[in-house]
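Trainee: pasting the structure only:
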């Protein structure tokens, strides 16, 4: 028996139309570094997105399924592209501006992008790449920047505002199949070449609904979210789409991502929510500690990308800012869990739940798999690799020109589950606690040591700014931990003192013998600790290591 319900496709187009009409007065505010930021209403964004779609089709010849790339900061023009490109049936491809040039070339060529929209300030990054990007026919430039870098490179160059000028305010949006590609992001390529994840209209729509649920970010049109997480990083964690669903105002930092301007925009624009990786919040904390600012408007911060040190959460608690852990990845759109404690608990009872990665929503089904391939129980103790499936979870990677999806055995199980590469435990009530990445677990004498646990314990030391721990070879035990630390200015603690501090909470056999002070922990293009770089530096003898007895 079939239902009697209407079959209306779940499309990005409908999110756009809803936002520009029902929530037309909500705003996208872009920081300019000047006395007054730039403001556009959702209604204005919608009209400009419509004009952009007309320009892409009529002037640049963009057709359905064509890939249109963006190399842009978080700003209102990027939001316009977010809606115009998929709504017309093309595919939005956000480019990670922090990737090495060779990876960007690989990604653009693999996706076969025809058009790239770029902020003028990023032309020095794009121009040297263009001779190696044969599929790019058009470059559309928005905002300030020296266009002369594009001279003689064999592409047609267009001004964003000139393209939009005089275009119709209406567009015959196609009624697409909701399973059609809407956007694509590539993984950061920490192992091997970057891999393309293609999101459908349906997956974006359902993911946006989950972002707006009270058990997730739970924001309304009374809120303003500071979107620090880049729009090239898993669709800014789904916030641009989610905001148009519920009218949440957006504060976009553009290229002003340093701690001082972030503190200023929080004080002046008073966002109630923000989202970014831990390194952003560590920098902001140092800034407001050294130069106090009023950040009291910001009641909730969503932290993802890597585990948040408990000491950082405690510091923000003292400032009246509630930090909420989230877990996800490019392949999960990215929302996988959020750490809202169960009801009815005291602040002290909530704390252990807040330190987890959080609870799984309805759209994400998890399981833990042991080394022998057996599915493990949710008992809070049995550790295995996390696998997931669900309505916004990737089932394959983009195959490029071949058109065939790619399902590597190390990324997908035989029965179609995504292998996340994260190792952890799940409690009986569905809270995930990650203990490490499978490739970062330290296998010492037949036992596992969690690098994350050591890092969090080290970063609780008052004289440690950052710490990263990696496995290094050891003749006796196979592997042992190497602790690399960034000390705060004026710190006097020594390695023996750090090891003694660790010994208060870490078993003696897990304590590192090898130590090094570094100026900064190497990071990936999305702000995670880049442990492969540390391991290579150690192997090459590029780190000054002290070994304690």
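Mentor: Arrived safely, thanks for sending. A quick note: this is a predicted structure, and the numbers were derived from the prediction, not measured.
Trainee: Give me the residues contacting the helix ranked longest in the chain.
Mentor: Identified as the longest helix of the chain according to DSSP state H is helix 42-58. With contacts defined as CB atoms under 8 Å, 6 or more residues apart in numbering, helix 42-58 is touched by 16-17, 19-21, 23-28, 40, 62-63, 68, 76, 79-81, 83-85, 87-88, 90, 115, 163-164, 167-171, 173, 244, 247. Using the backbone N, CA and C atoms, a C-beta is placed for each residue, glycine as well.
Trainee: Equivalent analysis for stretch 131-147, please.
Mentor: With CB under 8 Å, 6+ apart as the test, stretch 131-147 has contacts from 60, 69, 72, 75, 77, 105, 108-109, 112-123, 126, 130, 150, 153-161, 163.
Trainee: rerun that using 6 Å as the cut-off
Mentor: The contact list for stretch 131-147 (CB atoms under 6 Å, 6 or more residues apart in numbering) reads 60, 77, 105, 108, 112-121, 123, 155-158, 160.
Trainee: Any of those residues buried? List them.
Mentor: 60, 77, 105, 108, 113-121, 123, 155, 158, 160 (16 or more other CB atoms under 10 Å).
Trainee: tell me the phi and psi of residue 386?
Mentor: As for residue 386, its main-chain torsions (degrees, to the nearest 10) stand at phi -80, psi 130.
Trainee: Next: residue 363.
Mentor: Taking degrees, to the nearest 10 as the convention, residue 363 sits at phi -80, psi 0.
Trainee: And it, how close does it get to residue 342?
Mentor: Between residue 363 and residue 342 the distance is 20 Å, computed by CB to CB, to the nearest Å.
Trainee: So between these two, which is more surrounded?
Mentor: residue 363 (21 against 11; other CB atoms under 10 Å).
Trainee: Can you report how many residues neighbour the nearest residue to residue 168 once chain neighbours are set aside?
Mentor: Nearest residue to residue 168, sequence neighbours excluded (CB to CB, 6 or more residues apart in numbering): residue 54, at 5.4 Å. For residue 54, the neighbour count with other CB under 10 Å is 20.
Trainee: any idea how far residue 54 is from residue 94?
Mentor: Taking CB to CB, one finds residue 54 at 22 Å from residue 94.
Trainee: what does residue 130 give?
Mentor: Distance of residue 130 to residue 94, given as CB to CB: 18 Å.
Trainee: sec struct for residue 481, please.
Mentor: Per DSSP: H, G, I helix; E, B strand; the rest coil, the local secondary structure of residue 481 is strand.
Trainee: So what's the residue count around it?
Mentor: Residue 481 is flanked by 22 other residues according to other CB under 10 Å.
Trainee: what residue is smack in the middle of this protein?
Mentor: residue 233 (4.3 Å; CA atoms, centre = their mean).
Trainee: give me phi/psi at that residue?
Mentor: Here the main-chain torsion angles of residue 233 (degrees, to the nearest 10) amount to phi -100, psi 90.
Trainee: Contacts only, for the nearest residue in space to residue 243 that is not next to it in sequence.
Mentor: Closest residue to residue 243 apart from its sequence neighbours, by CB to CB, 6+ apart: residue 250 at 5.4 Å. Going by CB under 6 Å, 6+ apart, residue 250 touches 28, 225, 227, 243.
Trainee: which one of those sits closest to residue 330?
Mentor: Ranked by distance to residue 330 (CB to CB), the contacts of residue 250 are led by residue 227 at 17.4 Å.
Trainee: The closest one: what's it in contact with?
Mentor: For residue 227, the contact set (CB under 6 Å, 6+ apart) comprises 74, 236, 239, 250, 252.
Trainee: Residue 450 is in contact with residue 438, isn't it?
Mentor: No: counting by CB atoms under 6 Å, residue 450 sits too far from residue 438 to count as a contact (11.8 Å).
Trainee: Pick out whichever of these two has more residues nearby.
Mentor: Using other CB under 10 Å as the criterion, residue 450 and residue 438 rank with residue 450 on top: 22 against 15.
Trainee: name the element the nearest residue to the more buried one once chain neighbours are set aside belongs to?
Mentor: With sequence-adjacent residues excluded and distances taken as CB to CB, 6+ apart, residue 450 is closest to residue 435, at 4.4 Å. Residue 435 belongs to strand 431-437 when assigned by DSSP states H and E.
Trainee: Next SSE downstream of that strand?
Mentor: The helix or strand immediately downstream of strand 431-437 is strand 442-444, counting by DSSP H and E.
Trainee: residues in contact with that following strand?
Mentor: Identification of contacts with strand 442-444 by CB under 6 Å, 6+ apart yields 449, 451, 471, 477, 479-481.
Trainee: would you say residue 158 is within a strand?
Mentor: Yes: applying three-state DSSP, one finds residue 158 inside a strand.
Trainee: what's across from the nearest residue to it once chain neighbours are set aside in the sheet?
Mentor: Among residues not flanking residue 158 along the chain, residue 140 sits closest, at 4.7 Å (CB to CB, 6+ apart). Applying DSSP bridges to residue 140 gives these bridge partners: residue 117, residue 158.
Trainee: and residue 140, what pLDDT?
Mentor: What the model reports for residue 140 is a pLDDT of 98.
Trainee: Same check on residue 25?
Mentor: Predicted confidence (pLDDT) at residue 25: the value is 98.
Trainee: Distance of it relative to residue 176?
Mentor: Separation of residue 25 from residue 176 (CB to CB) stands at 28 Å.
Trainee: ranges for the strands of the stretch 401-549 of the chain?
Mentor: Remark: strands assigned in the stretch 401-549 of the chain by DSSP state E, counting those that start in this stretch are 418-426, 431-437, 442-444, 447-449, 464-474, 478-487, 514-517, 546-547.
Trainee: Mean pLDDT lowest where, among these?
Mentor: strand 447-449 (a mean of 77).
Trainee: How far off centre is that strand?
Mentor: Chain-centre distance of strand 447-449: 29 Å, with CA atoms, centre = their mean, to the nearest Å.
Trainee: ok so, going back, which one of residue 130 and residue 94 is surrounded by more residues?
Mentor: Shown here are residue 130 and residue 94; by other CB under 10 Å, residue 94 has more neighbours (24 against 19).
Trainee: which regions of the stretch 351-500 of the chain sit below the pLDDT cut-off?
Mentor: 446 (pLDDT under 70).
Trainee: Tell me which helix or strand the closest residue to residue 19 other than its chain neighbours sits in.
Mentor: Leaving out its chain neighbours, the residue that sits closest to residue 19 by CB to CB, 6+ apart is residue 244, at 2.9 Å. Assigned by DSSP H and E, residue 244 belongs to helix 239-246.
Trainee: Output the contacting helices and strands for that helix.
Mentor: In terms of contacts (3 or more CB pairs under 6 Å, 6 or more residues apart in numbering; DSSP states H and E), helix 239-246 is packed against helix 12-21, helix 201-212.
Trainee: buried stuff in the first one?
Mentor: Along helix 12-21, the positions that meet the burial threshold by neighbour count (16+ other CB under 10 Å) are 12-20.
Trainee: relative to helix 239-246, how tilted is that helix?
Mentor: For helix 12-21 against helix 239-246, the angle by axes from the mean of the first three to the mean of the last three CA atoms, to 10 degrees is 60 degrees.
Trainee: any idea how far helix 12-21 is from the chain center?
Mentor: Computed by CA atoms, centre = their mean, the separation of helix 12-21 from the middle of its chain amounts to 24 Å.
Trainee: which strands and helices sit next to it?
Mentor: Judged by 3+ CB pairs under 6 Å, 6+ apart, helix 12-21 is in contact with helix 42-58, helix 76-87, helix 239-246.
Trainee: and those helices, which is most packed in?
Mentor: Highest mean neighbour count of the helices and strands packed on helix 12-21: helix 76-87, a mean of 27 (counted as mean count of other CB atoms under 10 Å).
Trainee: right, and the helix or strand after it?
Mentor: Once the chain leaves helix 76-87, the next helix or strand it forms, by DSSP H and E, is strand 91-94.
Trainee: Sheet-wise, list the partners of that following strand with their directions.
Mentor: The strands beside strand 91-94 in its sheet (DSSP bridges) come out as strand 67-71 (parallel), strand 181-186 (parallel).
Trainee: Thank you, goodbye.
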